[in-house]
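Novice: model the following, please.
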Amino acid sequence: MIIRSQRTATFMLIFVAFVWGAEFTLIDLAMEIIPVHTFNAVRFTLAGLALIPLLILSSEKIPKELIRPLLLKGSVLGLLLFIAFYAQTAGLKFTTVSNAGFITGLASPLVPILGLLLFRTKISIPIFLGVIFATVGLYLLTVGDKLTFNRGDSLVLVCAFAFAVHMLLTGRFVSTLPVIPLTIVQLFAVGIYSTVSTVISPEPAFYLMENQPLSWQESLFSPIVLSAILIAGILGTAYAYWAQSACQKILPDYKVALIFTLEPIFACLTAAIFLNETLGIIGLIGAACILLGILIAETGNKFLFRSTLS
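Specialist: This next block holds a predicted model:
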């Protein structure tokens, strides 16, 4: 499936941000039952398998000369995802969810900055202003005046850089490689890295419950873990990273990054609906700043010109 319309691509990525925001609480609950490496091994392997029927239906042929770069570049993207997901989860052991949410969200404004430093990608004034508004919005939405930097924050900052570099490299790799095979390779790569980490990690593959080890059936098929694996694996991983790769064929990296700043907004909305959490005035201002940043970056000089006239 080839995405040709930028509007369609934008709505697809908005749905990705919604899924990522909505699944956060579910995954957090699942982590109390199953360790992160085991969860990610199952999640990403399932995601890779879920895309194989799409590859068959697409009848997308892989030229022999592309097999080696496909495996190499897909493995690199998978390594970045593995680092990002592990660093984020490890960081949460030492920092607050609010701090982790804000620092992870910094991946979006980091994309145009790293693009400028690494690939000399120019940043226009509307994009620069959009990044500023989105960054301020992320801070107000997730942290407010509570930000303090600690060991966990350093780990989550590694996660943010890994996500940012992943977005940049994805935008470059999809220009020469088939999208679906590239997505499948990177997802299976994360599954392999996570499986190896499960084996060599001192942490058990499954947690102990009341001093008794949970069987793998009890862990994987508990309602919370099973729901998290299915939702995160199929929608939050298989669909999400296929959609990101496909949409980055026609959307610039900075637009994809800015759309993903919607994730904490959706996280707050679902928390308000299912957990009765309130956003507050500062959070609402933060959400408005994110939306304004996306609007400025999307409409560019037209928005600024009309705003000046009004």
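
Novice: what's the helix or strand for the nearest residue to F133 once chain neighbours are set aside?
Specialist: Using Cβ to Cβ, 6 or more residues apart in numbering and skipping residues adjacent in sequence, the residue nearest F133 is G293, 3.3 Å away. (Glycine included, C-beta is placed from N, CA and C.) Assigned by DSSP states H and E, G293 belongs to helix 280-299.

Novice: returning to that earlier point: contacts only, for the residue nearest to F133.
Specialist: G293 sits next to 129-135, 137, 258, 261 when contact means Cβ atoms under 8 Å, 6 or more residues apart in numbering.

Novice: ok, longest helix in the chain?
Specialist: What stands out as the longest helix in the chain, according to DSSP state H, is helix 64-91.

Novice: counting neighbours, which bits of that helix end up buried?
Specialist: Neighbour counts over helix 64-91 (16 or more other Cβ atoms under 10 Å) mark 66, 70, 73-91 as buried.

Novice: now do the same for the residue nearest to Y241 when sequence neighbours are not counted: its pLDDT.
Specialist: Among residues not flanking Y241 along the chain, T183 sits closest, at 5.3 Å (Cβ to Cβ, 6+ apart). With respect to pLDDT, T183 has a value of 95.

Novice: likewise for A160?
Specialist: pLDDT for A160: 87.

Novice: likewise L220?
Specialist: On the pLDDT scale, L220 is placed at 63.

Novice: and the residue lying closest to S201 once chain neighbours are set aside, what is it in contact with?
Specialist: Nearest-residue entry for S201: H37, 5.8 Å, with adjacent residues in sequence omitted and distances by Cβ to Cβ, 6+ apart. By Cβ under 8 Å, 6+ apart, the contact list for H37 reads 86, 194-195, 197-198, 201, 203, 205.

Novice: quick check, K61 in a strand?
Specialist: No: counting by DSSP: H, G, I helix; E, B strand; the rest coil, K61 is not part of a strand but coil.

Novice: residues near it, how many?
Specialist: Neighbour count for K61, taken as other Cβ atoms under 10 Å: 8.

Novice: and the pLDDT for it?
Specialist: pLDDT at K61 comes out at 79.

Novice: please apply the same query to the one 3 residues further on.
Specialist: The confidence metric pLDDT takes the value 89 at K64.

Novice: okay, the residue nearest to S201 and A90: tell me how far apart.
Specialist: Relative to A90, H37 is positioned 10 Å away (Cβ to Cβ, to the nearest Å).

Novice: how close does G233 sit to V225?
Specialist: Between G233 and V225 the distance is 11 Å, computed by Cβ to Cβ.

Novice: now E23
Specialist: Between E23 and V225 the computed distance is 13 Å (Cβ to Cβ).

Novice: same question, L292
Specialist: Distance of L292 to V225, computed by Cβ to Cβ: 38 Å.

Novice: counting neighbours, go ahead and name the busier of those two.
Specialist: Relative neighbour count places V225 above the other of L292 and V225, with 23 against 17, counting by other Cβ under 10 Å.
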